[in-house]
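Chemist: sharing a sequence plus its predicted fold:
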Amino acid sequence: MAIGFLPMIRSSSTVLLLFLLSCSTFISTDAYDPLDPTGNITIKWDIMQWTSDGYVAVVTMYNFQQYRHIQAPGWQLGWTWAKKEVIWSMVGGQATDQGDCSKFKGNIPHCCKKSPTIVDLLPGTPYNQQIANCCRGGVLNSWVQDPTTAVSAFQVSVGRAGTTNRTVKVPKNFTLKAPGPGYTCGLAKIVTPTKFISQDKRRITQAFMTWNVTCTYSQFLSQRTPTCCVSLSSFYNDTIVSCPTCACACQNNITHPGSCVDPDSPYLASVVSGSTQSSNYLSPLVRCTSHMCPIRVHWHVKLNYKEYWRVKMTITNFNYRMNYSQWNLVVQHPNFDNLTESFSFNYKPLTPYSAINDTAMLWGIQFYNDLLMQAGPYGNVQSELLFRKDASTFTFEKGWAFPRRIYFNGDNCVMPPPDSYPWLPNASFRLDFSLLTLTLTLLSAVVFLHA
């Protein structure tokens, strides 16, 4: 009797094993962005000089992501030493915690922690504490917006480490916060030493040893709830399609008081100023809305010409805790291959697949609208887009004029359901109306003739 159950037990075990394996693949944190398939942040560690008990290295971070950047309060880079290394000194950056250095007498290290966390220095740092590409408060621009500010660096003097290529051990468990979670870093890999060209381009030097670390982004790891939503309207329909209800969260001031702020509250100023002093200042403090999103993007089909059509885009900040510097939008629409002009935003097409040009990156003009202020009367930016019509594809029917997808600062925004989009007025109604008009006209003529 028991023998008869053996095949069933084996098959059940097989199914269970396959289920567990499939679950392990689904929870993988590997990140892949189809709009930026090669985007990543690369950390390069160049040993430039040997010392009596270690080395001096320059650590450089390159943001190779097309549209995802790191804004204030900036990046935090961490790792775990492979041996008992200490940081004697730093230039262009600093460790957030010195750790226990009680074993040292006389010359005290900058940091003795096994797993240090490093941050960038602030603008205005004295020149003798700076190196090239440091001291922007940890802000890293995206590669498309400004490659010159998409790089950050600091110098570190490491002690109690090896003094040759064979005795130096590569750090492990690299972490990158921007400033919260979202990035997953791989293992450090020893690569060909970096070469440097002198300013007069007549001499080349190279690092003694170099290793690279690659970090990729996942919106799921960064924040499991959305951070933006999209609303729609058009000139040919009075319907305004709002962001979906509870797109980012739901109002719940009864059980969770303070989850949102009423803009008409007499205590608004004190609540906002107090929230910036709290330890939870990174979490959004949003205005009470039906969608509860920090950011809303509105797409309005504004005008229709013979050969062109025009869209107005408005980005509204509902977050009282955040000014969004160097913000950007990524928008997908099939007519971006015929975009004629962007009036108040910078524009660049994103074409990871060269045959398809339906994705645009939009961002603010420097010193004009590149800073999206916190919620309030100045908490919005807007622009208009002019498209040339393609007779083979253009139509206002079935919601074609609205975007397929929108990203704000690299995060996917919640779109309204397609069946709620503003549609053209019913054609049959127009036909019935025209027939009725024709009939009344004919009857009036007959009556006039027989009068």
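Modeler: Cool, got the structure. Numbers count the residues shown, from 1 in each chain.

Chemist: what's the first-to-last distance across stretch 367-376?
Modeler: 19 Å (CA to CA, to the nearest Å).

Chemist: same question, stretch 343-359
Modeler: 17 Å.

Chemist: could you find the closest non-adjacent residue to G54?
Modeler: Residue nearest to G54 in three dimensions, not counting chain neighbours: A161, with 3.9 Å by CB to CB, 6 or more residues apart in numbering. Where you see a C-beta, it was placed from the backbone N, CA and C, and this is true even at glycine.

Chemist: now do the strands in the stretch 51-200 of the chain.
Modeler: Ranges of strands in the stretch 51-200 of the chain, per DSSP state E, counting those that start in this stretch, are 55-63, 76-80, 86-91, 93-95, 117-120, 151-159, 172-177, 183-185, 189-191, 195-197.

Chemist: out of the ones you listed, nearest to S342?
Modeler: Taking CB to CB, strand 55-63 is the member of these nearest to S342, at 23.5 Å.

Chemist: and the closest one, how far out from the chain middle?
Modeler: The chain centre lies 24 Å from the centre of strand 55-63; the measure is CA atoms, centre = their mean, to the nearest Å.

Chemist: ditto for stretch 186-203
Modeler: How far stretch 186-203 lies from its chain's middle: 29 Å, per CA atoms, centre = their mean.

Chemist: stretch 59-68 too?
Modeler: That offset, for stretch 59-68, works out to 12 Å (CA atoms, centre = their mean).

Chemist: for it, which residues meet the burial criterion?
Modeler: The neighbour-count check on stretch 59-68 (16 or more other CB atoms under 10 Å) flags V59, T60, M61, Y62, N63, Q65, Q66, Y67, R68 as buried.

Chemist: now swap in stretch 141-153 and tell me
Modeler: N141, S142, W143, V144, Q145, T149, A150, V151, S152, A153.

Chemist: equivalent analysis for stretch 394-405, please.
Modeler: Buried, per 16+ other CB under 10 Å, within stretch 394-405: F394, F396, G399, A401, F402, P403.

Chemist: closest to P284 out of those residues?
Modeler: Of all those, P284 sits closest to P403, with 23.4 Å by CB to CB.

Chemist: list the residues that contact the closest one.
Modeler: V230, W299, V331, Q332, H333, M415 (CB atoms under 8 Å, 6 or more residues apart in numbering).

Chemist: give me every residue that touches the fifth one.
Modeler: Think H333. D358, A360, F402, P403, R404.

Chemist: quick revisit: what's the burial count for the residue nearest to G54?
Modeler: 22 (other CB atoms under 10 Å).

Chemist: what do you get for the one 10 residues further on?
Modeler: The local packing count at P171 equals 20, with neighbours defined by other CB under 10 Å.

Chemist: skipping adjacent residues, who's closest to it in space?
Modeler: Closest to P171 by CB to CB, 6+ apart is W79, at 4.1 Å.

Chemist: look up how far K113 lies from that neighbour.
Modeler: Distance of W79 to K113, computed by CB to CB, to the nearest Å: 10 Å.
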